[in-house]
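**Student:** Here is the input, now give the coordinates:
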Amino acid sequence: MSKRILCYGDSNTWGYDPENQAEGAAYEVRLPSAARWTGVLQKGLGEGYTVIEEALNGRTTMWNDPVKPYRNGLSYLPACLESHAPLDIVIVMLGTNDMKPRICGRAFDSAEGAGKIAQVIRKSACGRGGAAPAVLIVSPVLIGSQIGELPFSEEFGGAAAHEESRRLRGFLQAKAAANSCAFLDAAEYAEAAGDGIHMDAAGHGRLAKALEEKVRELVRAG
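**Tutor:** Residues are numbered from 1 along each chain as shown. Have a look, this model is predicted:
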């Protein structure tokens, strides 16, 4: 029976290409499926695993974006879980967009949103036999220290976004522990590339390898 893994994320799961940002071509700046960490993870895990990519540019943990609708990850989550059930593992990598001042702007509050997401999954019946699936919370790559000089600077509040994103890891790790979730820090394996926000293909590949080990570990643990 194939192990089903749901990957719930934002543009760094969608595969936004930091080196190819053609004006007016928002959906043409996406890394190929095989280069995204979800695709690399699927290849690495091989037969017996189904990796489900559930990604949306601008997705937040539990915060509404007054400029871009439908980005609230907590609101969409219950329908998403039911759509893809049964699930064995849910990988959640969110928090970067929460750093935008118009949305949240604080690492502590972003982690609160991640905790709410973890609770919904852990209380769901979308796993095997009506149980809950395992949850892996991934702290996203850091917003680049050079963000203040790049096009996303205004949206993310300038250089302060880098420091706030650095604080997120500890809060997320605490939320993972409090909700009996596994944890991985993406910043140990990848970094934001040219635009200060998104991983390049090499970063996706390194993160996928780390996630492959973590997924196999969770499967062994049952």
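**Student:** This structure: helices as residue ranges?
**Tutor:** For the chain, the helices defined by DSSP state H cover 11-14, 37-45, 73-84, 107-122, 153-156, 160-178, 201-221.
**Student:** quick one: least confident helix or strand in the chain?
**Tutor:** When the helices and strands of the chain are scored by mean pLDDT, DSSP states H and E, helix 153-156 comes last with a mean of 94.
**Student:** How far away from the center of its chain is that one?
**Tutor:** The chain centre lies 20 Å from the centre of helix 153-156; the measure is C-alpha atoms, centre = their mean, to the nearest Å.
**Student:** Same list, the helices of the chain, but as a markdown table with distance to Thr60 please.
**Tutor:** Yep, even glycine has a C-beta here, placed from its N, CA and C like the rest. What follows is the helices of the chain, written out as a markdown table (distance: least, C-beta to C-beta, whole Å):
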| stretch | distance to Thr60 |
| --- | --- |
| helix 11-14 | 12 |
| helix 37-45 | 20 |
| helix 73-84 | 6 |
| helix 107-122 | 7 |
| helix 153-156 | 13 |
| helix 160-178 | 13 |
| helix 201-221 | 20 |
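**Student:** out of those, nearest to Leu184?
**Tutor:** In terms of C-beta to C-beta, the element of those nearest to Leu184 is helix 201-221, at 5.4 Å.
**Student:** quick check: angle from that closest one to helix 37-45?
**Tutor:** Helix 201-221 and helix 37-45 are oriented at 50 degrees to each other (axes from the mean of the first three to the mean of the last three C-alpha atoms, to 10 degrees).
**Student:** May I have helix 201-221 exported as CSV, CA atoms only?
**Tutor:** Only the C-alpha atoms of helix 201-221 are listed here, as CSV (Å, rounded to 0.1, in the frame of the first residue of the first chain):
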residue,chain,number,x,y,z
ALA,A,201,16.8,24.3,-7.9
ALA,A,202,19.9,23.3,-6.0
GLY,A,203,18.2,24.4,-2.7
HIS,A,204,15.1,22.4,-3.6
GLY,A,205,17.3,19.4,-4.2
ARG,A,206,19.2,19.6,-0.9
LEU,A,207,16.0,20.1,1.1
ALA,A,208,14.4,17.1,-0.6
LYS,A,209,17.2,14.8,0.4
ALA,A,210,16.9,15.9,4.0
LEU,A,211,13.1,15.4,3.9
GLU,A,212,13.5,12.0,2.3
GLU,A,213,15.5,10.9,5.4
LYS,A,214,12.9,12.4,7.7
VAL,A,215,10.0,10.7,5.9
ARG,A,216,11.7,7.3,6.0
GLU,A,217,12.3,7.8,9.7
LEU,A,218,8.6,8.6,10.3
VAL,A,219,7.5,5.6,8.3
ARG,A,220,9.8,3.3,10.3
ALA,A,221,8.5,4.8,13.5
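**Student:** Identify the residues contacting it?
**Tutor:** Residues external to helix 201-221 that are found in contact with it (C-beta atoms under 8 Å, 6 or more residues apart in numbering): 3, 5, 15, 31, 35-41, 44-45, 49, 88-89, 91, 134, 136, 138, 141, 182, 184, 186, 188-191, 193, 199.
**Student:** For the buried ones among the residues you listed, write the corresponding PyMOL selection.
**Tutor:** To isolate the buried ones among the contacts of helix 201-221 in PyMOL, judged by 16 or more other C-beta atoms under 10 Å, type:
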select buried, resi 3+5+15+31+35+36+37+38+39+40+41+44+45+49+88+89+91+134+136+138+141+182+184+186+189+190+191+193+199
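**Student:** Low-confidence stretches in this protein?
**Tutor:** Along the chain, segments meeting pLDDT under 70 span 21-28.
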